Each structure stands twice: as C-alpha cells, then as structure tokens.
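# requesting a structural model of the entry that follows:
(one chain, ligands or ions: 1)
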Amino acid sequence: MPKVIIAPSVLASDLGNLNYECRRMIDDGADWLHMDIMDGHFVPNIVMGAPILQSVKKAVPDIFMDCHMMVTEPERWVKDIAEAGGASYTFHLEATDDPLDVVRLIKATGMKASVAINPGTPASEISDELAEAVDMILVMTVWPGAGGQSFMKELMPKVAELRARFPHVNIEVDGGVAPKTIKYCADAGANVIVAGTAVFRAESPRDVIAYLRAECTAAQERILQERQTLIYDPNADVVGDDEDQEAEERRKEASAGRRSGATTPVGSTPRSYLRHLDRRRSSAASGKSGKFGQLTDLGMTLKLV
Ligand SMILES: O=C(CO)[C@@H](O)[C@H](O)COP(=O)(O)O
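Predicted structure coming up:
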C-alpha cells in the first residue's frame, strides 16, 4: 500500500501569514501542504496563483506543494506552477478532453501528475491508462470551491473502487476530512489525506495530524489482511456468503448516495468492492468456481501488495 501522507489545506490557514502557517504545519508533522488554486471559472472563487506559491517556496524551501488546480484550462498553468516550485499538479478530469496530454505536459516539468474527480464524476471515468500515467487520483469529498463544507460519506465507494483497481496509486481525499470522518476515508483505502479546517483551526494541529495518520495506518493493515483472504481458493463459496454484515449495511448506505455520483453499488472498502464483483459474476455462473477466475473474467487483476 502506498505511504500515508497528511496534507493540510492552506485554504483554512491565516492566508496573510502563509509562510508562517506552512512552516507551522511542517513542524507539526505535515508531509505536504495542499495549495488550492481557483480561477473563478471552474469554481466560483479566486484563490492564489503561481506568484504566491513562489514566495512560499522561497520562505519554506523544504515544502512539498501539492497544487490542486481548480481551473478550466489546466494545461495553461503547468509551466508557471512548476517554475514557482510546485511539486505535484492536480488537474480536474472535468476540465479537459485530453487528460493524458495534460499528464504528459506536467511530467515534462518534473512535477508529479494527479487527476481529480468531482462528486458527480464516477470512478469508472478514470481509465486504466490514465491511472497508470498519474501518480495520484484525488477523489473530492465535497464540491470544490470552498473550505469548511460537510464531508460526503456516500462517495466512499468511489475510493474503494479505485483502491481495488489500483493498489499502488496514491489516492487522495479532500473536503470535510477530520477526526470524525477519517475512518470512512481510511477504510475505503485513501492514503493521502487533505484536511483544512480540522487541522488549521485545531487547538493542537500536531495531535490531529498524528490521529489522521494513525487511523490511516491502522486501516491499511486491515486492508492488507483482508486482501490476504482473497488468495485463490478453488473451493471457496462466495455466493451468499453473509459473513460481512457491515459491508451489506454500507452497501445500502452507498446506494443512497448514487445521486451524488457514487455509481458503485457496493460497500466502502476495497475488499467489499472485490466481493461485489465476485457475487455479480457468481450469480451468472452455476456451481462454485475459484475467485481468481471470476475476477479475471471481469477484467480485474487481483494483486496482493
Ligand atoms: O479544495 C478544497 C475546497 O475546494 C479543499 O482543499 C478544502 O479547502 C478543504 O477544506 P476543509 O473541508 O478540510 O476545511
């Protein structure tokens, strides 16, 4: 599983003291700083651009700036952000017809490339080819444009689906992530955690960062153990297996979230996504068959990582 990374979103910081705020977060244990760039078109707000990032990079040279570009023309700002010291460039899938070309432009600058999807965009819009080309996929857990919104738990099946499909890709969540909501993200398989209000406005940002990290690390161990149980067993009977009551409950909750773009009718863990595929395939088959066979028939590659 990819490393757990905690990235406080500076949108919730004291923007008049941005250099100090970024330094404070790094000293408190943050791995990255999440820099929200908004152009007033893709989202209705305008927040910072390359000159501000450049000034931060100069004052805080060891910063890793995770640049979330909420802009309509993602290709237009790649060079400026790279020159300003951006380390990772996230563009929105909804903002381009040629995501692979944007990735190519980003990579040519030496920055890491990442693609974001809005709450209304299904995970299936991320093609295998795109996922292999990027370093990270950002699943927005609020509609982009403002900090301090409520976390959309019903989107967790998208995270679980992407984690099941791409065990090694960084999966980032952003929006309303806090100690109260981290478990949903962590169980679904997210490993890059953006949190603005919950960290910057906390009495002890250090404690919040440590808590978010601990929850994700613990969940990763659980996910790895669950994957072990998916080792091929020709005698396994997965049809009608009701051991995972919790997944069933989550499936019900998830289906209530379809209107928000959560199109995967499954529970919110990578394992339950794989089990869903298994059940779907099994219902069309007669008798018992091995799990690997069923998954690979569906085009899935089940990997132990
Ligand atoms: O991109 C965005 C909003 O558009 C986020 O980065 C938010 O800034 C996260 O803030 P909180 O919801 O954690 O306060």
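# whatever helix or strand V115 lives in packs against which elements?
Using DSSP states H and E, V115 sits within strand 112-117. Contacts defined by 3 or more CB pairs under 8 Å, 6 or more residues apart in numbering; DSSP states H and E place strand 112-117 against strand 88-92, helix 99-109, strand 136-140, strand 170-174. Heads up, the C-betas are built off the backbone N, CA and C, glycines and all.
# for the longest one, buried residues please.
Within helix 99-109, the residues that count as buried by 16 or more other CB atoms under 10 Å are P99, V102, V103, L105, I106, K107.
# now do stretch 105-123
105-107, 111-119, 121, 123.
# got it, and stretch 57-74?
Those would be K57, V60, I63, F64, M65, D66, C67, H68, M69, M70, V71, P74, for stretch 57-74 by 16+ other CB under 10 Å.
# going by distance to the ligand, which of the buried residues of stretch 105-123 wins?
A116 (8.8 Å; CB to the nearest ligand atom).
# so which of the buried residues of helix 99-109 also contact the ligand?
Among the buried residues of helix 99-109, no residue is within reach of the ligand (CB under 6 Å from any ligand atom).
# and which of those residues is nearest to E132?
When the buried residues of helix 99-109 are compared for distance to E132 (CB to CB), V103 wins out at 10.0 Å.
# which residues does the closest one contact?
A113, V115, L130, A133, V134 (CB atoms under 8 Å, 6 or more residues apart in numbering).
# give me the secondary structure label for the third one.
It stands for L130. helix (DSSP: H, G, I helix; E, B strand; the rest coil).
# does it really touch V115, like I thought?
Yes. Using CB atoms under 8 Å, L130 is in contact with V115, at 6.3 Å.
# still on that earlier bit, and the buried residues of helix 99-109, which two are the farthest apart?
It's P99 and K107 that sit farthest apart of the buried residues of helix 99-109, by CB to CB, at 12.4 Å.
# could you tell me the angle between the strand holding V115 and strand 136-140?
30 degrees (axes from the mean of the first three to the mean of the last three CA atoms, to 10 degrees).
# all strands for the stretch 1-150 of the chain, in order.
Assigned by DSSP state E, counting those that start in this stretch, the stretch 1-150 of the chain shows strands spanning 5-8, 33-39, 46-47, 65-70, 88-92, 112-117, 136-140.
# would a markdown table of the helices and strands packed on strand 112-117 with mean pLDDT be doable?
Formatted as a markdown table, these follow (pLDDT from 0 to 100):
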| stretch | mean pLDDT |
| --- | --- |
| strand 88-92 | 99 |
| helix 99-109 | 98 |
| strand 136-140 | 98 |
| strand 170-174 | 98 |
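# can you redo the ones you listed as a markdown table with distance to L53?
As requested, the helices and strands packed on strand 112-117 are exported to a markdown table (distance: least, CB to CB, whole Å):
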| stretch | distance to L53 |
| --- | --- |
| strand 88-92 | 11 |
| helix 99-109 | 14 |
| strand 136-140 | 18 |
| strand 170-174 | 18 |
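# buried ones in the longest helix anywhere in the chain, by neighbour count?
Scanning the chain for the longest helix, with DSSP state H as the assignment, gives helix 205-228. In terms of neighbour count (16+ other CB under 10 Å), helix 205-228 has its buried residues at 205-206, 208-209, 211-213, 215-216, 219-220, 223, 226-227.
# buried set for stretch 82-97?
82, 84-93, 95-96.
# farthest-separated two in those?
G85 and L93 (24.9 Å).
# so D36 touches M70, yeah?
Yes. Look at D36 against M70 with CB under 8 Å: they come within range, at 6.7 Å.
# quick one on the thing from earlier: mutual contacts of L130 and V115, please.
Joint contacts of L130 and V115 (CB under 8 Å, 6+ apart) are P99, V103.
# what residues are up against A95?
F42, V71, T72, E73, P74.
# will you turn these into a markdown table that also has pLDDT?
Formatted as a markdown table, these follow (pLDDT from 0 to 100):
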| residue | pLDDT |
| --- | --- |
| F42 | 97 |
| V71 | 98 |
| T72 | 97 |
| E73 | 97 |
| P74 | 98 |
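# contact residues of the stretch 151-300 of the chain facing the ligand?
Checking the stretch 151-300 of the chain against the ligand by CB under 6 Å from any ligand atom, the hits are D174, G175, G176, V177, V194, A195, G196, T197, A198.
# thanks a lot, see you next time.
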